[in-house]
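[1] could you work out the structure for the sequence below:
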Amino acid sequence: MNAAVMRKVAIGLIPHPNELDRKRIERALSSRKRYRYVLPNVKPVRGGYLIESPCCSRNIDKDGELIDVALIHYDMVNGMWKLFRKDHAHGIWEFYSIYHRLTSAIEDLNTDPERLFWQ
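    Prediction:
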């Protein structure tokens, strides 16, 4: 671990989740390509952010209830962002990709050309 990360860990400063980035993600999701007519929730979770949304397609939840869409996790050791998608059939998170910047992760989540997130 590099010295800067060790200092943060040693004095207890955990950079994520924080309210500023949570709001940035929330605002950025308004430019997504799919399911623009629903309001997703961005919840702080240990080390990152959980994005959930009502299931308008009824593909995952027939009642249209909230479903997990994505998990964005900050890796403090490497200073990278990891994006995960939910495998609803098995109820597990699957690793999607790694990013140097949070905005790049959100961009992939917003475009979602393979419909892996916004199902």
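[2] isn't residue 47 right next to residue 16, touching?
    Yes. Counting by Cβ atoms under 8 Å, residue 47 touches residue 16, with 5.9 Å between them. Where C-beta positions appear, they are placed from N, C-alpha and C, glycine not excepted.
[3] residues contacting the nearest residue to residue 92 once chain neighbours are set aside?
    Nearest non-adjacent residue to residue 92, counting by Cβ to Cβ, 6 or more residues apart in numbering: residue 86, 7.7 Å away. Going by Cβ atoms under 8 Å, 6 or more residues apart in numbering, residue 86 touches 67-71, 92-94.
[4] can you tell me which of the residues you listed is closest to residue 105?
    Residue 105 has its nearest neighbour among the contacts of residue 86 in residue 70, at 8.6 Å by Cβ to Cβ.
[5] in the chain, where's the longest strand?
    The longest strand of the chain (DSSP state E) is strand 66-75.
[6] how far away from the center of its chain is it?
    Distance, stretch centre to chain centre, for strand 66-75: 3 Å (Cα atoms, centre = their mean, to the nearest Å).
[7] counting by contacts, list what it packs against.
    For strand 66-75, the elements it packs on are strand 48-54, strand 80-87, strand 92-99, helix 102-111, judged by 3 or more Cβ pairs under 8 Å, 6 or more residues apart in numbering; DSSP states H and E.
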